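> Need the 3D shape of this:
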Amino acid sequence: MTTFDGVHHDRLELLGEGLEYLSQGFSIFDRELRLAAWNGRFLELLDFPGEMGTLGRPLGDFFRFNAERGDYGPGDAAQQVEERLRLAAKAEPHCFERVRPNGMVIEVRGTPLPGGGFVTTYTDVTERKRWEDDLQQARSRAEEANRAKSAFLNMVSHDLRTPLTSIRSFAEILEGNPGIDLTDRKQFLGIIRTECLRLIRMLNDLLDYAKIEAGQMDWHLTEIDPRRLAEAAVASMAPMFEEKHVELALTIPAVVPPVTGDEDRLTQVIVNLLSNACKHVPEASGRVEVVLCCSPDEVTLSVSDNGPGVPPEKREAIFEEFRQVAARDGSLRSGTGLGLAICRRIVTHLGGRIWVDASREQGSAFHFTLPIDRDRLAGEDGVGEHAGEHGVGD
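Below you'll find the predicted structure:
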């Protein structure tokens, strides 16, 4: 038969075992601020050595251990211990979060006991804090996106209205003046054509972005010769550079491995980079260079210019949707602010990367990569080698 004392003893053992299995650490310090009860989690969370878990150990020993290993930051250890003991002696309820040097965030919650002293719990809230921080960052990004989208809508409505107004005005001049001389007529028609192309580019950006967002972009993946791709894109943009008297140079190796991609979309990426470069370089003294190179795993195409460049703090923002970033000289070009965002979506979809060089002090250098299918090339063996030799001979 179990006696009352036996039941009491069993319950104490059960309580002790239960406290050891708590995910929280806990400690009890008596009115003399000496350790009266604790569990292993208390020592583990605060990274105290096991020998510190002894009955009657002064609270000051724990504070001193923390101070001497730098947990309280720079300062005199004795003074840090004294300040904390003075606060502990007040035995007031307290709750705060403490970030340990290893990055762990611990919620410390102390409650005074009726007879003096206090009981304290220690909870690892690192994951919760990380989740809260991520949620706050996501909320901030969403708010920024909403602001950017509102600004974008205002900007697009203005930028769409401007070319339309210009087209209408010059069309009315031509209609109302049938006898206008040939030189003026050609000039006005040229302006109308330029503004129409500008509208087409803006509308294409909007349509492409809408398709990407809806997951309805049409992809036509084929084997592509990067040399031919770069040459064709540069040739298509040459008239724009000639009109502005900007030098356009292309540097490509004799042999470049083929890649898998969507030729039209990749041409769109190169043309967008070239168009941006042409807009930002100075007329008559501008220079834009396209360089194609390859490593064992990827092909890289770079477009560099001698324009004002991108501010270092904006080198990631320029790839965000609805963002137009002023150059170092403060200039801001018209457009939807979607071109580079679409480029990033295309390149990423094809397994590549796109970025702007952060090491340049003057001008801009944009790079994007496409992976080389090494398994396919290995399967071709001699066929690839002979094809490369034929290309060099040509």
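
> what helix or strand does residue 233 sit in?
Assigned by DSSP states H and E, residue 233 belongs to helix 226-244.

> actually residue 253, not the one I typed
Using DSSP H and E, residue 253 sits within no helix or strand.

> Got the phi and psi for residue 53?
With angles defined as degrees, to the nearest 10, residue 53 sits at phi -80, psi 70.

> burial measure for it, as a count.
Burial measure for residue 53: 15 neighbouring residues, criterion other CB atoms under 10 Å. In short, each C-beta sits where N, CA and C put it, glycine included.

> what's the spacing between the closest residue to it other than its chain neighbours and residue 255?
In space, residue 53 comes closest to residue 43 once its chain neighbours are excluded; the distance is 5.2 Å by CB to CB, 6 or more residues apart in numbering. When CB to CB, to the nearest Å is the yardstick, residue 43 and residue 255 sit 65 Å from each other.

> quick one: which of those two has more around it?
Under the neighbour definition other CB under 10 Å, residue 43 and residue 255 were set side by side, and residue 43 has more, 19 against 15.

> Tell me how far the more buried one lies from residue 94.
If you go by CB to CB, the gap between residue 43 and residue 94 works out to 20 Å.

> Can you give me the distance of the residue lying closest to residue 246 once chain neighbours are set aside to residue 342?
For residue 246, the nearest residue in space outside its immediate sequence neighbours is residue 286; the separation is 3.8 Å by CB to CB, 6+ apart. Summarising the geometry, the distance separating residue 286 from residue 342, computed by CB to CB, is 24 Å.

> okay, these two: which has more neighbours?
Ranked by neighbour count (other CB under 10 Å), residue 286 and residue 342 place residue 342 first, with 24 against 21.

> Could you tell me which residues make contact with the more buried one?
Shown here is residue 342, whose contacts under the criterion CB atoms under 8 Å, 6 or more residues apart in numbering are 205, 208, 209, 212, 268, 272.

> What backbone torsions are found at the most centrally placed residue in the chain?
Ranked by distance to the mean C-alpha position of the chain (CA atoms, centre = their mean), the top residue is residue 316 at 6.7 Å. Taking degrees, to the nearest 10, you get phi -100, psi -30 for the backbone angles of residue 316.

> how close does it sit to residue 356?
Counting by CB to CB - residue 316 and residue 356 are separated by 9 Å.

> Without its sequence neighbours, what residue ends up closest to residue 271?
residue 233 (5.7 Å).

> OK, contacts around the one you found?
Taking CB under 8 Å, 6+ apart as the definition, contacts of residue 233 comprise 267, 270, 271, 274.

> from the residues you listed, which ones fall inside helices?
When the contacts of residue 233 are checked against helices (DSSP state H), the matches are 267, 270, 271, 274.

> Tell me the one of the residues you listed nearest residue 294?
Using CB to CB, the shortest approach to residue 294 within these belongs to residue 270, at 15.9 Å.

> Wait, the closest one touches residue 301, no?
Yes. Distance between residue 270 and residue 301: 6.7 Å, which falls inside the contact criterion (CB atoms under 8 Å).

> Give the residues shared as contacts by those two.
When contacts are counted by CB under 8 Å, 6+ apart, residue 270 and residue 301 are jointly contacted by 230, 290.

> Looking at those two, which one has more neighbours?
Counting neighbours by other CB under 10 Å for residue 270 and for residue 301 shows that residue 301 has the greater number, 27 against 22.

> Figure out the helix or strand that the more buried one lives in.
Taking DSSP H and E as the definition, residue 301 sits inside strand 298-305.

> which strands and helices sit next to that strand?
In terms of contacts (3 or more CB pairs under 8 Å, 6 or more residues apart in numbering; DSSP states H and E), strand 298-305 is packed against helix 226-244, helix 263-280, strand 287-294, strand 364-371.

> Which SSE is immediately downstream of that strand?
helix 339-349.

> from the middle of its chain, how far away would that next one be?
For helix 339-349, the distance from its own C-alpha centre to the chain's C-alpha centre is 14 Å (CA atoms, centre = their mean, to the nearest Å).

> Contacts made by stretch 183-193 with the rest, please.
Taking contacts as CB under 8 Å, 6+ apart, the residues outside stretch 183-193 that touch it are 166, 167, 170, 171, 173, 174, 180.

> For those, which PyMOL command selects only the ones that are buried?
In PyMOL, this line selects whichever of those come out buried by 16 or more other CB atoms under 10 Å:
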select buried, resi 166+167+170
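
> ok, of the contacts of stretch 183-193, which one's closest to residue 89?
With CB to CB as the yardstick, the closest approach to residue 89 among the contacts of stretch 183-193 comes from residue 166, at 79.0 Å.

> Give me the pLDDT value at that closest one.
Each residue has a pLDDT score; the one for residue 166 is 82.

> and the closest residue to it other than its chain neighbours, what element?
Sequence neighbours aside, residue 195 is the residue nearest to residue 166 in space, at 4.9 Å (criterion: CB to CB, 6+ apart). Assigned by DSSP H and E, residue 195 belongs to helix 182-213.

> Measure how far that helix is from the centre of its chain, please.
Distance, centroid of helix 182-213 to centroid of chain: 32 Å (CA atoms, centre = their mean).

> I'd like the numbering to begin with 146 instead of 1 from here.
Fine by me, first position is 146 from now on; the one you just mentioned is helix 327-358.

> tell me the angle it makes with helix 484-494.
Computed with axes from the mean of the first three to the mean of the last three CA atoms, to 10 degrees, the direction of helix 327-358 lies at 40 degrees from that of helix 484-494.

> buried set for helix 327-358?
When burial is assessed from 16+ other CB under 10 Å, helix 327-358 yields the following buried residues: 330, 333, 337, 340, 343, 344, 346, 347, 350, 353, 354, 357.

> Out of these, flag the one nearest to residue 200.
For the buried residues of helix 327-358, the nearest to residue 200 is residue 357 (66.3 Å; CB to CB).

> Now do the same contact list for that closest one.
Applying CB under 8 Å, 6+ apart, one finds that residue 357 lies in contact with 487, 490.

> Determine the set of other helices and strands touching the longest helix along the chain.
Using DSSP H, we find that the single longest helix of the chain is helix 271-321. Secondary structure elements in contact with helix 271-321, counted by 3+ CB pairs under 8 Å, 6+ apart, are helix 327-358.
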